[in-house]
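Q: After the sequence you'll find the predicted model.
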Amino acid sequence: MEEQDGMKEKKLVLEQFEELYGGHGQIRLFFAPGRVNLIGEHTDYNGGHVFPCALGYGTYAAVRERQDRKVRLFSLNMPKEIIECDLDHLMPETDLGWEAYPQGVIWAYEKWGYSLPQGIDIAYAGNIPAGSGLSSSAAIEVVTAIAIKNLFNLEDVGLVKIAQLCQYAENHYNGLSCGIMDQFTSALGKKDTAIFLDTNTLDFDYVKLPLKDEKLVIVNSMVKHSLVSSAYNERQSECKRALCDLQEIMGINELCDLSPKLFDTYQSAIKDDICRKRARHVVHENARTLKAVDALVEGDLETFGKLMNESHVSMRDDYEVSCEEMDFLARLGWETPGVLGSRMTGGGFGGCTVSLVKEEAVEAFTQKVTGEYQKKFGIRPKVYVAEIGDGAREIAIES
Ligand code: ADP
Ligand code: MG
């Protein structure tokens, strides 16, 4: 990840668009960010709370409508070929590449009753590393969705609906049983602010981050273990099994309807040991998220940081979605003076950690992480001080 202002990507994507597609007609430019989740992991498909922020990094899309029903897609981040399809023949298939993300969004619009009047040409350029847990997938979905909304004046499609539509696309076109957190954050993020979202009701509050002398530091481990999507769906079904067992003895709709106390009392109803562990993570993580937000609102960053650490431990031990590299990076955070909290962020099995770091310790933490991680794994991690930015939007093109 380079500059967070996207100057380079904006310029490149517009140049590339003209070079590839040529022709006439107004080109428009859109952006949707990636996200970093501060706490509340794997709660969003269990009716719980999450606390993410949108990043300055994201994906840009240069877009123009066509006169026929073709869709052409190109990404500067992918092998250099234009992918062409037809508005009327989109279908979920198993062997699709990256194009499944934008195609899924177009397909979802059609499914939801928004017949697009004509096709489009799109070129993408992103500056989030794909597959690192910062949700480049939501960014490409949401930027596609907002471009279509604006191009075709779909006035009743608000940002929440965009998030829901993109989640639907990822679930049903890409086959990943994800919750709504990533798409919601990409659509509705706000500068220097986290979103406290109840994924059950979609009620949310913006919480201004009370960071004065602290920074959010993201460390990219540069590893991604291949399990991600299969394990994700497996966790989702383990949670479902735990919920079904509990529903035999109590009237709950979601795992996150339970407090930790109630869970401790009734957990023996969950027959399978593994499913019980998964549910324990979910219930406790939800409670931790509520506590963490309270602490943050009171300006108690020490407590917020401790809850981040506990969140990592729970993902490591109960949810089992961590890996050696993530544990190593989180531990470096826990051991470094001036680091208030450190945890893996995103789905798991690699990707990034996020740490809350006192400004005066950022340099020492960066040095330590870079040196020790490289010594242990032979890979140079990337460290960024995160800028928390706004959600999806159209960008004026300067002539
Ligand atoms: P994450 O969302 O954590 O980055 P995912 O595996 O969910 O990881 O999504 C990454 C995938 O999204 C990529 O492999 C690619 O298929 C697609 N993708 C993301 N950004 C882009 C982009 N700018 N251009 C093309 N495809 C992209
Ligand atoms: Mg993703």
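A: Yes, it's here. Numbering: from 1, shown residues only. Ligands and ions are numbered 1, 2, ... in the order given.
Q: What are the boundaries of the helices in this structure?
A: When assigned using DSSP state H, the helices of the chain occupy the ranges 7-21, 100-111, 136-151, 159-172, 181-188, 228-247, 260-266, 273-297, 301-317, 324-335, 362-377.
Q: and residue 123, which of those helices is closest to it?
A: Nearest to residue 123, of all these, is helix 7-21, at 4.3 Å by C-beta to C-beta. The C-beta positions use only the backbone N, C-alpha and C, and glycine is treated the same way.
Q: Identify the residues contacting that closest one?
A: Contact with helix 7-21 is made by 2, 27, 29, 60-62, 64, 72, 74, 76, 82, 121, 123-127, 395, 397, as judged by C-beta atoms under 8 Å, 6 or more residues apart in numbering.
Q: same check, this time on stretch 97-104
A: 71, 73, 75, 78, 83, 85, 90, 92-93, 96, 122, 124, 137, 140-141, 144, 169-170, 172-174.
Q: Just put the helices of the chain in TSV and tack on distance to ligand 2 and mean neighbour count.
A: TSV is the format used below for the helices of the chain (distance: least, C-beta to the ion, whole Å; neighbours: other C-beta atoms under 10 Å):
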stretch	distance to ligand 2	mean neighbour count
helix 7-21	19	16
helix 100-111	9	23
helix 136-151	3	28
helix 159-172	8	22
helix 181-188	6	30
helix 228-247	9	18
helix 260-266	28	14
helix 273-297	19	22
helix 301-317	17	20
helix 324-335	16	20
helix 362-377	23	16
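Q: Near ligand 1, which residues of the chain? Just list them.
A: Within reach of ligand 1 by C-beta under 6 Å from any ligand atom, the chain has these residues: 59, 75, 77-78, 98, 101, 124, 126, 130-137, 140, 346.
Q: Low-confidence stretches in the protein?
A: Scanning the chain for pLDDT under 70 picks out the ranges 1-3, 226-229, 399.
Q: Please report phi then psi for residue 27.
A: With angles defined as degrees, to the nearest 10, residue 27 shows backbone torsions of phi -100, psi 140.
Q: Tell me if I'm right that it and residue 61 touch.
A: No. Distance between residue 27 and residue 61: 10.4 Å, which falls outside the contact criterion (C-beta atoms under 8 Å).
Q: So which of those two has more stuff around it?
A: Neighbour comparison, residue 27 and residue 61: the larger count goes to residue 61, with 28 against 17 (by other C-beta atoms under 10 Å).
Q: Bridged to that one, which residues?
A: Each beta-bridge partner of residue 61 is listed here, defined by DSSP bridges: residue 30, residue 124.
Q: ok, now residue 53?
A: Note on residue 53: beta-bridge partners residue 36, judged by DSSP bridges.
Q: give the contact list for the spatially closest residue to residue 246 that is not a sequence neighbour.
A: If the residues on either side of it in the chain are set aside, residue 246 comes closest to residue 269, at 5.5 Å by C-beta to C-beta, 6 or more residues apart in numbering. With contact taken as C-beta under 8 Å, 6+ apart, residue 269 is in contact with 245, 246, 248, 249, 250.
Q: how about a cut-off of 10 Å?
A: Under the criterion of C-beta atoms under 10 Å, 6 or more residues apart in numbering, the contact partners of residue 269 comprise 242, 245, 246, 247, 248, 249, 250, 276.
Q: How much space separates the fifth one from residue 263?
A: With distances taken as C-beta to C-beta, to the nearest Å, residue 248 is found 15 Å from residue 263.
Q: what would the helices of the chain look like in TSV with distance to residue 355?
A: Formatted as TSV, these follow (distance: least, C-beta to C-beta, whole Å):
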stretch	distance to residue 355
helix 7-21	26
helix 100-111	29
helix 136-151	21
helix 159-172	27
helix 181-188	19
helix 228-247	22
helix 260-266	25
helix 273-297	14
helix 301-317	8
helix 324-335	5
helix 362-377	7
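Q: what about the ones you listed, which gets the closest to residue 52?
A: In this view, those are compared for proximity to residue 52 by C-beta to C-beta, and helix 181-188 is the closest at 4.4 Å.
Q: any idea how far that closest one is from the chain center?
A: Here helix 181-188 is found 7 Å from its chain centre; the criterion is C-alpha atoms, centre = their mean, to the nearest Å.
Q: Over to stretch 143-152?
A: 20 Å.
Q: Please export the C-alpha coordinates of that stretch as CSV.
A: What follows is stretch 143-152, C-alpha atoms only, in CSV (Å, rounded to 0.1, in the frame of the first residue of the first chain):
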residue,chain,number,x,y,z
VAL,A,143,-17.6,0.8,-5.7
THR,A,144,-19.4,-1.1,-8.5
ALA,A,145,-22.8,-0.8,-6.7
ILE,A,146,-22.5,3.0,-6.1
ALA,A,147,-21.4,3.5,-9.7
ILE,A,148,-24.5,1.7,-11.0
LYS,A,149,-26.7,3.6,-8.6
ASN,A,150,-25.4,6.9,-9.7
LEU,A,151,-25.2,6.1,-13.4
PHE,A,152,-28.8,4.9,-13.6
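Q: so how many other residues sit close to residue 81?
A: Taking other C-beta under 10 Å as the criterion, the count of residues near residue 81 is 10.
Q: For the closest residue to it other than its chain neighbours, which residues are in contact?
A: Residue nearest to residue 81 in three dimensions, not counting chain neighbours: residue 74, with 7.6 Å by C-beta to C-beta, 6+ apart. Shown here is residue 74, whose contacts under the criterion C-beta under 10 Å, 6+ apart are 13, 16-17, 20-21, 62, 80-84, 99, 121-125.
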